[in-house]
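In: Provide a 3D model corresponding to the input given below.
(one chain, ligands or ions: 1)
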Amino acid sequence: MKIQFDIIGYIQNLPIELVSIENPKPDKNTKNILVTAGVHGNERPGPPASEMLVDFFRNTIDTSYFNVNIYIIPCVNPTGWTLNQRRNFQDIDINRDMDQFKAKESNIIRKIMKLRKYDLHLDCHSFGGISNFLVISANYKSDEFGKGVMSIFGYSYPIKKKDFKKKKKYKRMSEGVFRTTNNGTLKGFTSKLGVPYCFRIEAPRKLSLLDQIQETFELLLLFIQNL
Ligand SMILES: [Zn+2]
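Out: Take a look at the predicted model:
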């Protein structure tokens, strides 16, 4: 795979990076995948897990069975990441700004989102109120795809049905797959652009950070393999 690193913008002198992992011989079946992480700066597993994807494709000798191009933005919110806080330095939640575009970060990632047709968008987060991994789906098509992937993931990592039972705004679609009604999210925007499969991945903060990172990576890879 061909790997390229680019800086697509700066926030307070901190770079937002884009890593492009491309099939050197693409054809009409080559799938485009977008991975975003670190939009909430205090949700720590996403950026290192997305970097593990880069390492995976750099170090795996035979990746010919992956007919994909993967575009990774490992840290959408570098000021939030540095401050270890959810919002950016201007107190804007970028994952609620993708319908207003007040933040510079939102405008930078919008450009990448509109650059090409993606087949899958995965946005990495973590959450305190859960004990197992789950995904938040953006649309009906994603519900079905997510159901399949989470059932495979469930063989290695248990997915409890009870998660999110008390939270009304999270609607359970199938085991490990939920929906929300939040506006201005990254996956909501890519879904509006016509990306058929859009997910937020939620790692449970009850796990050690290393486990959150490792399992987020496994789940990212599982989605990519099953596309
Ligand atoms: Zn989050």
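
In: tell me the residues of the chain that contact the ion?
Out: The chain comes close to the ion at residues 40, 43, 125, as judged by Cβ under 5 Å from the ion. Using the backbone N, CA and C atoms, a C-beta is placed for each residue, glycine as well.

In: go again with 8 Å.
Out: 39, 40, 43, 86, 95, 125, 126, 127, 200, 202 (Cβ under 8 Å from the ion).

In: partner residues bridging the last one?
Out: When bridges are taken as DSSP bridges, the partners of residue 202 come out as residue 125, residue 134.

In: residues contacting it?
Out: Taking Cβ atoms under 8 Å, 6 or more residues apart in numbering, we find residue 202 in contact with 125, 126, 127, 130, 133, 134, 135, 136.

In: please identify the buried residues of the helix or strand where residue 148 lies?
Out: Here residue 148, judged by DSSP states H and E, is contained in helix 140-156. Residues 142, 143, 145, 146, 147, 149, 150, 153 are the ones in helix 140-156 that count as buried (16 or more other Cβ atoms under 10 Å).

In: can you pull the pLDDT of the first one?
Out: Spelled out, that is residue 142. If you check residue 142, the pLDDT there is 96.

In: doesn't residue 196 make contact with it?
Out: Yes. At 7.4 Å, residue 142 counts as touching residue 196 under the criterion of Cβ atoms under 8 Å.

In: buried residues, the lowest-mean-pLDDT helix or strand in the chain. List them.
Out: When the helices and strands of the chain are scored by mean pLDDT, DSSP states H and E, strand 171-174 comes last with a mean of 88. Buried residues in strand 171-174, counting neighbours by 16+ other Cβ under 10 Å, are found at 172, 173, 174.

In: which helices and strands sit right next to it?
Out: Contacts defined by 3 or more Cβ pairs under 8 Å, 6 or more residues apart in numbering; DSSP states H and E place strand 171-174 against helix 140-156, strand 177-179.

In: rerun at 10 Å
Out: If you count contacts as 3 or more Cβ pairs under 10 Å, 6 or more residues apart in numbering; DSSP states H and E, strand 171-174 packs onto strand 134-137, helix 140-156, strand 177-179.

In: host element of the most centrally placed residue in the chain?
Out: Residue closest to the average C-alpha location in the chain (Cα atoms, centre = their mean): residue 123, at 1.8 Å. Using DSSP H and E, residue 123 maps to strand 120-127.

In: now do that strand against helix 140-156: the angle between them, please.
Out: Per axes from the mean of the first three to the mean of the last three Cα atoms, to 10 degrees, the angle that strand 120-127 makes with helix 140-156 is 60 degrees.
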